[in-house]
Each structure stands twice: as structure tokens, then as C-alpha cells.
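Visitor: can you look at this prediction? I've put the sequence above it.
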Amino acid sequence: MEFRNISHEIAEIAKEYDYQQPPDLLVKLQDLIGYLLRLLRDFLSYLKIPQLGGSDSRGVANLLQVLVITAGVVAVVMILLLVASRLRTLQAQRKLALGSMVVAESPLDSKGWLALAEELRGKSSYKEACRAVYMSILHLLDEGKIMAFSATKTNYEYFYALKRLTKVAQSFRSLVDLVEQIWFGDREATAEDYNQCLKHARSMEEGLPEAPTKQLAETADRR
């Protein structure tokens, strides 16, 4: 069987063909994709996941499952890291803020702080007066041998120390919530706020075992 010579036609077509060299970036990208695919195949082999043909739906499903699980694990880890970082930041900010509310060094005892609170109330400095009531309670707990005073301690440590004294713990939490709202909030403290602070503090003192004195009750009676 004879074949027709078409070399002339091929030559004519070749004249019109203009081959363009692919960009180096595209070549490198193709090489990188091939390298990543080889790594993926090695990873699947390590996990003993069968690698079937591209038309096999089961193989595709296995691959997608691995990718979804991997992405989920990475997302959970990132979320946990972000939450932990945020909690550390909030805790550090709270400690700094609490440090500005608690007076570290002062010659005043619980009675002295309470007297200062009354003096500040007389000057309508209710914000500072409420803080002074709070400080008097911290020193009262120290004098009552319930928890030694330290400016570095958090309110949660005091909550833990008072957990067996339910009524005292509840009054202390109410006092702390009110004082923190006044000290760190935007609103101005009022005489009613100060009276509420005294009420919570007096409730604490009455619930303490063998309270040293009933100084808060005496202060309320004088007023």
C-alpha cells in the first residue's frame, strides 16, 4: 500500500507555527505543583490510604476526608491559640487595673480605711470613698486571720478563701462588683453607691466568725 507524501503540507504548516517559550514562572509553578503532589502521595502512603485512579470516587472521597480533617484540626488549634492569647491579655489588663484600685502600701488598718471613707464621703468623693470601704474589708479579712492582705492577690483568691462562708462570700462579691463598676466605669459614683458599699461591707462583717469589732455597724448608726 502506497502512502501519499505530505511532507510539503507539513512544511507549509510549520512555517506558520510560532512556538512561544513558556514563562519561567509558569515552569517553576508547574514543578512546585508536581513536587507538592508527590509529597501528598507520600503522605497518603504513610497513612496507608489507598491511592486509586483519578476516576475512582472512593479514592477522591478519602482524599477529601483527609483534607477536611486536616483543615479542621488546624482551625481548632488556631482558635485555641487565639482564645488563650486573648485570655492572657485580659488577665494582664485586669491585674494592672486591679493594682490601681488596691493600695499596696498604707499605714491604715481596717478602722483607718473606714474613717477615711467617711472623710471622703463628707467631701462628696464617693468614688474614692467606695474604694476606701473596699480596702477596709481587705484589711478586716487580714485582721480576722481569714486571708492575709497583699496587693498582688486577686478578688478570685478572696472568693476562694471565703467559699465556706456563703453569706460573706455573696456580700463580698456584691461589694467587688459595685466597686469595680464605680472605679473602672464611666458613670459618676453617688451617695447611694457609697451606702450600698457600706451595706455590703456591714453584711460581711456580721457574717465573719468572731469579728474583731462591729465598726461598720457603728459607722452606719452614726450616719
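Guide: Looks like it arrived, so ask away.
Visitor: how does this structure divide into domains?
Guide: Listed by automatic domain parsing, the domain ranges of the chain are 22-98, 110-222.
Visitor: so where is the chain shaky, pLDDT-wise?
Guide: 1-3, 14-20, 44, 46-66, 88-105, 210-223 (pLDDT under 70).
Visitor: can you give me the strands in it?
Guide: When secondary structure is read from DSSP state E, the chain shows no strands.
Visitor: centroid residue for it?
Guide: For the chain, Leu87 is the residue whose C-alpha lies nearest the centre (Cα atoms, centre = their mean; 2.0 Å).
Visitor: quick one, helices of the protein?
Guide: Secondary structure of the chain (DSSP state H): helices located at 7-16, 24-46, 57-101, 110-122, 126-143, 155-161, 166-184, 191-207, 215-222.
Visitor: buried ones in the fourth one, by neighbour count?
Guide: The reference is to helix 110-122. Neighbour-count burial for helix 110-122 flags 110-111, 113-118, 120-121 (criterion: 16 or more other Cβ atoms under 10 Å). For glycine as for every other residue, the C-beta is placed from the backbone atoms N, C-alpha and C.
Visitor: okay if I get these as JSON lines plus distance to Lys127?
Guide: Output for the buried residues of helix 110-122, formatted as JSON lines (distance: Cβ to Cβ, whole Å):
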{"residue": "Ser110", "distance to Lys127": "20"}
{"residue": "Lys111", "distance to Lys127": "21"}
{"residue": "Trp113", "distance to Lys127": "15"}
{"residue": "Leu114", "distance to Lys127": "16"}
{"residue": "Ala115", "distance to Lys127": "18"}
{"residue": "Leu116", "distance to Lys127": "13"}
{"residue": "Ala117", "distance to Lys127": "11"}
{"residue": "Glu118", "distance to Lys127": "15"}
{"residue": "Leu120", "distance to Lys127": "9"}
{"residue": "Arg121", "distance to Lys127": "11"}
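Visitor: let me know which of the helices of the chain is tucked in deepest.
Guide: Among these, helix 126-143 has the highest mean neighbour count (mean count of other Cβ atoms under 10 Å), at a mean of 23.
Visitor: that one: how far from the chain's middle?
Guide: For helix 126-143, the separation from the chain centroid amounts to 28 Å (computed by Cα atoms, centre = their mean, to the nearest Å).
Visitor: on that earlier part again, ok, so of the buried residues of helix 110-122, who is nearest Val68?
Guide: Trp113 (60.3 Å; Cβ to Cβ).
Visitor: got a list of what the closest one touches?
Guide: Applying Cβ atoms under 8 Å, 6 or more residues apart in numbering to Trp113 gives the contacts 106, 132-133, 135-136, 139.
Visitor: just flag the most distant two among those.
Guide: Most distant of these, by Cβ to Cβ, are Ser106 and Val133, 14.2 Å apart.
Visitor: thinking again about what came up before, now the domains of the chain as a markdown table including distance to Glu12?
Guide: Output for the domains of the chain, formatted as a markdown table (distance: least, Cβ to Cβ, whole Å):
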| stretch | distance to Glu12 |
| --- | --- |
| domain 22-98 | 26 |
| domain 110-222 | 86 |
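Visitor: what's the closest of these to Ile10?
Guide: Nearest to Ile10, of the domains of the chain and by Cβ to Cβ, is domain 22-98 at 23.8 Å.
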